[in-house]
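K.L.:
Below are the sequence and a predicted model; questions follow.
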Amino acid sequence: MTNKEFAEFLLPDVEHDWEYYENLYPERNLDDNAIVTRYAPSPTGLPHMGNLLSGFMAYCFAKQSNGVYFLRIEDTDTERTVENGVSKILDIMKDFDITFDEGMINDTDEVGSYGPYMQSKRKDIYQAYARKLIEEDKAYPSFASKEELDEIREFQESTKQRLGYYGRYAKDRHMTKEEAIERINNGEKFVIRMKSPGDFFKTVIINDLIKGKIEMPENDIDEVIIKKDGLPTYHFAHAIDDHLMHTTHVIRGDEWVSSTAKHLQIFDVLGFKHVKYAHLAPLLKNDNGTKRKLSKRKDPEAGLVYYIEEGIPVEAVKLYLATIINSNFEAWLDANPGASISDFKFDFKKVGSSGGAIYDMEKLTNISKNYLSRLKATDVYDRVLNWANTYDKDFASLISKYKDYTISILNIEREQKKPRKDFAKYSDVSNSIWYMYDELFDNKELSYDFKNITDKEEIKNILSTYIDKYYDEADDKDTWFNKIKSLCDELGYASDMKAYKANPDSFKGNVADVSTVIRVALTTSSMTPDLYELLRLIGKTRIIKRFSRFY
RNA sequence: GGCCCGUUGGUGAAGUGGUUCAACACACAUGCCUUUCACGCAUGCAUUCAUGGGUUCAAAUCCCGUACGGGUCACCA
């Protein structure tokens, strides 16, 4: 029996040969330096922040080079694949506004001419190439059972040898075709392993775009390329797919570094051009003084839906990720206010190569506050309403009812060079402006803290004097504040802070204390935006009503 | 255990042999400004770059060892 016949016997259900596929997927017509890369998740659960990081990074590199960014689903592990995995991935990526040029567009459909983009639909392709290797005597069927493999490993462990199916342990490598055929005819299951041409005592160099030059021993393990179920292993699928899809760059987590020698070897054996690798360190979390990987189970901020539910702007998350990817991004943004991420040129060389960055929610909060502070009030309103429609329906109907009023509130101290930074997320808004709505303010047990002035009669006196004698809705801001000062003078408080500081004992208090009383009576809070604006928005009738609680 | 990678302040980091090299940002602290808060401004926060040696006139930067941390060694990706 020839090798070719043997290959056909081993993998009988192959429709096309490998050359057919080589011709099916022509070279992409792109600029020389265009980056073709992909997001290649396995549909075993929801993406987490680490996935978003590498996915977003790949997206940026593809876009900035006029390349291609595609979505390939790696569902060769049929056991772990979950229902609707693809659309779940697509939905969350869409939430973060990351889109693909090619690939799956829902659980069953796809766009692009380099597909199928779902590995389970590419069985024929993998087997065609596996057949090629068998024909060339570069791969062979292996019958080693789980038990046999365990035995080998135990022996290797007890004799302190390297683990794995290699050298003299790879005994199926030398099995005759006749024996293999007989065992298969007897119903034995088998996998296909590649005959590794590697020598452990020789060195291979990997030029990682992030980590630089990495030297390691050549791979000499006869890796499984086709599993018992006929589907490929990750290693084999990676080589075939990224070759046929003309991927130029593979951006992935650094847990893959140690497999890279193996991958390059598979490329070589298949006669494929190498792809470039960029291995990214994981995101870390500070857990009681020790660093550990950010965990989807333990850390809510690791999950992506968290940001949607909390109402943290996805743009802020991406801004933060951009600074993790290239730490000079932040300085660049400062120097180019108003620029967008897509204007920035990311550089692989500037990606941190250390053990991993701590994912810092405080930093994200800061970025988010800055981001939101620069938006227009109407934009903030739309975003908050959109968020509240799902996550805080009562607040949504309230701000819908008072749309213009709400926008005015959101606009206080906003469109100026140094705007207020009150909110880091949409869910902060109701907590910080609730008192502006009578529905939330009236008929409710409220607690007031007037700070320095505690005497009830005095509070009543300040409020009633102010509203009766001094407050006029028609006043502009300077006039308004001058009247506050007049109020202070009349009641024995210092209207001038310097005068008060120079001689505190000659006053009952100062203008800050008086303003605080008005502010707190109006809102219950001593921490609010500009008092003049609040008074104007609330209006005299409602001011009187709120003050009357103290009469 | 084998192999690989990493280690600069509370955090992210810049810096790869010497001209301010310990930037910048977050956080924190103090002060100023101010009707509160926020903003802003000012100042402070690593005499030292995990550690021990070595090379050099000169090292965070190059070399070797040690410690610690991470990854990997599946018919999972």
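P.N.:
Right, received. Where do you want to start? Numbering: from 1, shown residues only, chains lettered A, B, ... in the order given.

K.L.:
How about the contacts made by A:Glu27?
P.N.:
A:His246 (Cβ atoms under 8 Å, 6 or more residues apart in numbering). C-beta here means a position set from N, CA and C on the backbone, and glycine is covered the same way.

K.L.:
A helix includes it, no?
P.N.:
No. Counting by DSSP: H, G, I helix; E, B strand; the rest coil, A:Glu27 is not found in a helix; it is coil.

K.L.:
residues from the stretch 51-200 of chain A in reach of RNA strand B?
P.N.:
Taking Cβ under 7 Å from any atom of the strand as the criterion, the stretch 51-200 of chain A approaches RNA strand B at residues A:74, A:76-77, A:80, A:144-146, A:149, A:153, A:160, A:162-165, A:189, A:191.

K.L.:
Would you map the helices across the stretch 201-350 of chain A?
P.N.:
A:234-244, A:260-270, A:305-310, A:314-325, A:329-335 (DSSP state H, counting those that start in this stretch).

K.L.:
Just list what the third one packs against, helices and strands only.
P.N.:
With contacts taken as 3 or more Cβ pairs under 8 Å, 6 or more residues apart in numbering; DSSP states H and E, helix A:305-310 sits against helix A:314-325.

K.L.:
Do any residues in the helix it packs on lie close to RNA strand B?
P.N.:
Yes. Part of helix A:314-325 sits close enough to RNA strand B to count as contact by Cβ under 7 Å from any atom of the strand, namely A:Thr323, A:Ile324.

K.L.:
Buried ones among the residues of the stretch 51-200 of chain A next to RNA strand B?
P.N.:
A:Glu74, A:Thr76, A:Asp77, A:Ala144, A:Gly164, A:Tyr165, A:Val191 (16 or more other Cβ atoms under 10 Å).

K.L.:
Excluding residues flanking it in the chain, which one is nearest the fifth one?
P.N.:
Counting by Cβ to Cβ, 6 or more residues apart in numbering, A:Gly164 lies nearest to A:Ile221, which is 4.3 Å off, once chain neighbours are set aside.

K.L.:
so what's A:Thr78 up against?
P.N.:
A:Ser120, A:Asp229, A:Leu231.

K.L.:
isn't the last one right up against A:Thr76?
P.N.:
Yes. With contacts counted by Cβ atoms under 8 Å, A:Leu231 reaches A:Thr76, the gap being 4.5 Å.

K.L.:
list residues touching both of those two?
P.N.:
A:Gln119, A:Ser120.

K.L.:
Quick check: the gap between A:Ile341 and A:Leu319.
P.N.:
Look at A:Ile341 and A:Leu319: by Cβ to Cβ, to the nearest Å, they are 7 Å apart.

K.L.:
for the contacts of A:Thr78, which one is nearest A:Glu362?
P.N.:
A:Ser120 (42.2 Å; Cβ to Cβ).

K.L.:
tell me the SS of the closest one?
P.N.:
Three-state call for A:Ser120 (three-state DSSP): helix.

K.L.:
okay, now the closest residue to it other than its chain neighbours: neighbour count?
P.N.:
Closest residue to A:Ser120 apart from its sequence neighbours, by Cβ to Cβ, 6+ apart: A:Asp75 at 4.9 Å. Counted with other Cβ atoms under 10 Å, the neighbours of A:Asp75 add up to 20.

K.L.:
Could you double-check that A:Asp75 sits in contact with A:Thr81?
P.N.:
Yes. Assessed by Cβ under 8 Å, A:Asp75 is found in contact with A:Thr81 at 4.8 Å.

K.L.:
Show me whatever sits in contact with both of those two.
P.N.:
Joint contacts of A:Asp75 and A:Thr81 (Cβ under 8 Å, 6+ apart) are A:Ser42, A:Pro43, A:Ser120.

K.L.:
Just the element for the second one, please.
P.N.:
In this case it means A:Pro43. Per DSSP states H and E: A:Pro43 is located in neither a helix nor a strand.

K.L.:
Make sure it is actually in contact with A:Glu83.
P.N.:
No. A:Pro43 lies out of contact with A:Glu83 (Cβ under 8 Å); the separation is 9.1 Å.

K.L.:
who has more neighbours, those two?
P.N.:
Neighbours were counted for A:Pro43 and for A:Glu83 using other Cβ under 10 Å; A:Pro43 has more, 24 against 8.

K.L.:
Nearest residue to the more buried one in space, please, no chain neighbours.
P.N.:
Leaving aside its sequence neighbours, A:Pro43 sits nearest to A:Gly85 (Cβ to Cβ, 6+ apart; 2.5 Å).

K.L.:
burial of that neighbour, as a residue count?
P.N.:
Counted with other Cβ under 10 Å, A:Gly85 comes out at 20.

K.L.:
Which residues are in contact with it?
P.N.:
A:Pro43, A:Thr44, A:Gly45, A:Ile73, A:Asp75, A:Asp107.

K.L.:
For the stretch 251-400 of chain A, what lies in contact range of RNA strand B?
P.N.:
Close to RNA strand B, as judged by Cβ under 7 Å from any atom of the strand, the stretch 251-400 of chain A has residues A:254-259, A:282, A:284, A:286, A:291-293, A:323-324, A:327-328, A:330-331, A:334, A:350, A:352-358, A:360, A:362-363, A:365-366.

K.L.:
Thanks a lot, see you next time.
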